[in-house]
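In: Take this sequence and fold it.
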Amino acid sequence: MNRLLTVTALLAYAALALPVFFVIGASFTSAGYLSFPPQGLSLRWWDVMIGDREMMSGFWISAYVAVATVLISVPVGALATIYLGQIPIRARNILVTFFASPLSVPMVLTGFALLVLLTQMGLLNQLGLIIGHTVISVPYVTRSALASMSLSDPSLPRAAAIHGARPSQVIWHVVLPSLRPGLVSGGLFAFLASVNNVVISVFLVQPGTSPLPVVIFSRMENLAEPSVAAASTAVIVVTAAFCLLLEKRYQLFRSLAGR
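Out: Numbering: from 1, shown residues only. Model prediction:
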């Protein structure tokens, strides 16, 4: 039975990873169109991608917006989690549902609502894009931090306060360290949600300021060159490296699992 479950899990993971390998393989083709298996191996389309101003600009815009989103989402999610930890469980459940509402509403509706709001505020620019990405990223941070909180000893903050620690010291030296795995993993999810977001970005970008997913999306609509696969592969490699570094440094997935 255990062997059957293992084989089933491996097949499921292989099915999920298969499109990624198709994209990576297509980025090295020497043909003038997307093809898999690649018809000859070449770095031609990687060179085209690097020389493509729109793609490289989209890459840096995506990186800038994603980092800014993480820097805002993590403190906001941490504060929300600390507050939720102080209130009764029934009120906490209601507020958790409220905080997660951006993920419950269809992304198209969220994007349209943000478009209307930010247009009225005159923020239809990169700042507005950061705000939009933060709206959908904070729930990831909050959920991950709450998972870490559930694995920590709830008596530790009270014990620290009894021994004379000020509220700020309790938060800084007791609460935040217990939330660290959740905040790190939540920051990672926020980064990935921002880097890979298309729907919100399509509503909020202006010409010449498109992040990479929007550039790739528009290229796939009009001209599907292998340079699109090269750009997608670059994002995959950067994302995988980022995840591996965080896992090695913080062991975040094992921490969240309580191990």
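In: Wait, G128 touches L118, no?
Out: Yes. If you go by CB atoms under 8 Å, G128 and L118 touch, sitting 4.1 Å apart. Where C-beta positions appear, they are placed from N, C-alpha and C, glycine not excepted.
In: Which neighbours do those two have in common?
Out: L204 (CB atoms under 8 Å, 6 or more residues apart in numbering).
In: isn't T239 right next to S194, touching?
Out: No. Using CB under 8 Å, T239 is not in contact with S194, being 11.3 Å away.
In: Which residue of the two possesses the greater neighbour count?
Out: Per other CB atoms under 10 Å, whichever of T239 and S194 has more neighbours is S194, with 28 against 15.
In: so who does that one touch?
Out: S194 touches 62, 65-66, 69-70, 133, 137, counting by CB under 8 Å, 6+ apart.
In: tell me the phi and psi of S35?
Out: phi -150, psi 140 (degrees, to the nearest 10).
In: okay, now it: neighbour count?
Out: 15.
In: And for E247?
Out: 16.
In: Counting neighbours, which bits of the host helix or strand of it end up buried?
Out: If you go by DSSP states H and E, E247 is part of helix 226-250. Of the residues in helix 226-250, those buried by neighbour count under the rule 16 or more other CB atoms under 10 Å are 226-235, 243, 246-247, 250.
In: Could you list every helix and strand in contact with it?
Out: helix 2-26, helix 44-51, helix 53-84, helix 176-195, helix 212-222 (3 or more CB pairs under 8 Å, 6 or more residues apart in numbering; DSSP states H and E).
In: from those, which stretch is densest packed?
Out: Highest mean neighbour count of the helices and strands packed on helix 226-250: helix 176-195, a mean of 22 (counted as mean count of other CB atoms under 10 Å).
In: hmm, who's touching the helix or strand following that one?
Out: Later in the chain than helix 176-195, the nearest helix or strand by DSSP H and E is helix 199-204. Residues from elsewhere that reach helix 199-204, judged by CB under 8 Å, 6+ apart: 107-108, 110-112, 114-115, 118, 124, 128-129, 132-133, 136, 210-211, 213-214, 217.
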